[in-house]
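Trainee: Next one to model:
(2 chains)
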2 protein chains.
Amino acid sequence: MKIGVFGTGMVGNAIATKLVALGHDVKMGSRTADNAKAADWVKANGARASQGTFADAAAFGELLFNCTSGAQSLAVLQSAGAKAMAGKVLVDVSNPLDFSKGMPPSLTVCNTDSVAEQIQRAFPDTKVVKALNTTNANVMVNPSLLPGDHDMFVCGNDAGAKGKVTELLKGGFGWKTVHDLGGITSARAQEMFVVFWVHLYGALQTPMFNVHVVR
Amino acid sequence: MKIGVFGTGMVGNAIATKLVALGHDVKMGSRTADNAKAADWVKANGARASQGTFADAAAFGELLFNCTSGAQSLAVLQSAGAKAMAGKVLVDVSNPLDFSKGMPPSLTVCNTDSVAEQIQRAFPDTKVVKALNTTNANVMVNPSLLPGDHDMFVCGNDAGAKGKVTELLKGGFGWKTVHDLGGITSARAQEMFVVFWVHLYGALQTPMFNVHVVR
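Mentor: All right, here's what the predicted structure looks like:
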C-alpha cells in the first residue's frame, strides 16, 4: 500500500521504517521537500522510501500517519490540504505536549477536547483514528521488545477505518490486544494518558514500558 | 491505629470497612454527625466503627483518608479544620470528576493543577499522599479480585508519609507493586489517568479492571 507519514522525528522515523519493512511504499512528509532528516531516512530505507512536502505525502498516501507534534498538527495538516486527505484514513499519533513551562510537560489541549478531535472537526472528510500515541516509538512498532501481554488503544468515529488500523496494528506491528475506546472523543483519554506516561517515565527512569489491562 | 475517613460513598465505605477489618479504629466523617449512610456502616462494622462530623473524624484520626468527591474536597477539609489535620498524613483518594455535562465526565481541575495539589497548598502542615484513586473501590481494598500482577501509584512531597501509606497499601490492602511517581504534582498524572479509566470502563463494560506496568 502507498502510505504518507507526516513528521521526521523519532515517531515518524520509527513508523515509516516499520511500514517499509512490512513491504509498503512510504513517503515521509515535512515542511520542505529536501528535509535532511527525511533524506537520511530515504537513504537508509531503499527503493520503497521517498520524501516530499506534507502536501506530497498527503497526495501520495492511501493511508496517512500524523507523527508531528500535537501543538503543530493542525497547521501541518492544513498545509497538506483537505482535498488530498479527503476520503482517507489518518492515524493520529500526535501528543499535545507543552514543554515550554519545563518538566514534566503539560498538554496544550485536554479534558474537553483533544488534538484528534480538532483534526476530525477541521477535516470532516478524513477518517481520523487515534492510535499508537500511548507508548514510546520503539515499543509502538515492536511491542515484543517488552515481555508478556501489554496493550494498544484506538478510537475514532468510523468503524471501518478503526478496523483497518487495528488489522495493521495486530498483523503488521505485532500488537496482541487492541482496545477500541469508542468515538473520536475518547482521544481525550488517550492523550491525557500520556501525562500519566510521562510521570511514570520519570519514576521508572526508562521509556521502555507499557501498560497491560488486567481484568 | 485511629483513622478518620471523610466520605460515606462507595469509596469511603470500602476503605473504612477494610481498615476496621485490619483491626483499626475508624471514624467515618460526614456533613452531619447522624448521617444515615454512616450509621448503617457503623451498625455493620462493630465496636471499632464510629461516626461523626468531618471535624470529628479529623480530630479522631492519626491517619486520614479523603474519600469525598474531588470537586467538594477542599470545602469538606476546610470544614474539618486545618488545626485538626496538622502534622497528620492525609491520603487523598478523590477524583475531580464533573458529570454535569453528561457522560463521559470531564475533570474540574487538571493538566497544570490537581485536587491533591490544591489540598496540599491549602493545608501546608498536613502531609498529603495521593493514592488509590486509579481503581474501582472494590479493587482498591482487595486487589486479589483481579488475576495476576496489577499496580498501584502514590505521590506526595513527604517521603516518610509515602512510606507509611505504601506499607499500609502493601501489608494491609494487599498491593504487590506500588509505584512512587514523585512529588504531589504527580497527582495530575494520577487524576488525569482516571479519564482514561472512565473511557476504558465504557469499552470493557465493567469497572473490575486495573493496569499493570510491563517493562
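
Trainee: Contacts only, for A:Pro147.
Mentor: B:Val214 (C-beta atoms under 8 Å, 6 or more residues apart in numbering or on different chains). From N, CA and C alone the C-beta is placed, and that goes for glycine too.

Trainee: go with 10 Å
Mentor: Residues in contact with A:Pro147, defined by C-beta atoms under 10 Å, 6 or more residues apart in numbering or on different chains, are B:Val214, B:Arg215.

Trainee: Which secondary structure state does it sit in?
Mentor: coil (DSSP: H, G, I helix; E, B strand; the rest coil).

Trainee: Would you mind measuring from it to A:Lys43?
Mentor: 34 Å (C-beta to C-beta, to the nearest Å).

Trainee: List the buried residues in the longest helix along chain A.
Mentor: Identified as the longest helix of chain A according to DSSP state H is helix A:187-204. For helix A:187-204, burial by neighbour count (16 or more other C-beta atoms under 10 Å in any protein chain shown) applies to A:187-201, A:203.

Trainee: Give me the sheet partners of whatever helix or strand comes next after that helix and which way each runs.
Mentor: The helix or strand immediately downstream of helix A:187-204 is strand A:210-214, counting by DSSP states H and E. Its sheet considered, strand A:210-214 pairs with strand B:210-214 (antiparallel) by DSSP bridges.

Trainee: what mean pLDDT would you report for the strand it pairs with?
Mentor: The average of the pLDDT scores along strand B:210-214 is 98.

Trainee: my guess is A:Leu19 meets A:Asn13, correct?
Mentor: No - checked against C-beta atoms under 10 Å, the pair A:Leu19 and A:Asn13 is beyond contact range at 11.0 Å.

Trainee: For A:Asn133, pull up the helix or strand it's in.
Mentor: Going by DSSP H and E, A:Asn133 is not in any helix or strand.

Trainee: how near is it to chain B?
Mentor: Separation of A:Asn133 from chain B (C-beta to the nearest C-beta, to the nearest Å): 12 Å.

Trainee: how about that residue, phi and psi?
Mentor: When read as degrees, to the nearest 10, the backbone of A:Asn133 gives phi -70, psi -10.

Trainee: same thing with the one 4 residues further on?
Mentor: Comment: the main-chain dihedrals of A:Ala137 come out as phi -60, psi -40, following degrees, to the nearest 10.

Trainee: wait, what's in contact with the residue nearest to it when sequence neighbours are not counted?
Mentor: With sequence-adjacent residues excluded and distances taken as C-beta to C-beta, 6 or more residues apart in numbering or on different chains, A:Ala137 is closest to A:Ala14, at 4.0 Å. Shown in contact with A:Ala14 (C-beta under 10 Å, 6+ apart): A:Val5, A:Cys67, A:Val93, A:Leu132, A:Asn136, A:Ala137, A:Asn138, A:Val139, A:Met140, A:Val141, A:Asn142.

Trainee: Using CSV, write out every CA atom in the strand or helix carrying A:Ala14.
Mentor: In this assignment (DSSP H and E), A:Ala14 forms part of helix A:10-21. Extracted C-alpha coordinates of helix A:10-21, given in CSV (Å, rounded to 0.1, in the frame of the first residue of the first chain):
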residue,chain,number,x,y,z
MET,A,10,11.6,9.7,16.3
VAL,A,11,7.9,8.7,15.9
GLY,A,12,7.7,9.4,12.2
ASN,A,13,11.0,7.7,11.6
ALA,A,14,10.1,4.5,13.6
ILE,A,15,6.6,4.2,11.9
ALA,A,16,7.9,4.9,8.4
THR,A,17,10.7,2.4,8.8
LYS,A,18,8.4,-0.3,10.1
LEU,A,19,5.9,0.3,7.2
VAL,A,20,8.7,0.0,4.6
ALA,A,21,9.9,-3.2,6.4
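
Trainee: Buried residues, it. List them.
Mentor: Going by neighbour count (16+ other C-beta under 10 Å), the buried part of helix A:10-21 is A:Val11, A:Gly12, A:Asn13, A:Ala14, A:Ile15, A:Ala16, A:Thr17, A:Lys18, A:Leu19, A:Val20.

Trainee: With stretch A:72-85 instead?
Mentor: A:Ser73, A:Leu74, A:Val76, A:Leu77, A:Ala80, A:Ala84, A:Met85.

Trainee: can you tell me how far the residue positioned nearest the centre of chain A sits from A:Asn13?
Mentor: Central residue of chain A (C-alpha atoms, centre = their mean): A:Val93, 2.1 Å from the mean position. Separation of A:Val93 from A:Asn13 (C-beta to C-beta) stands at 12 Å.
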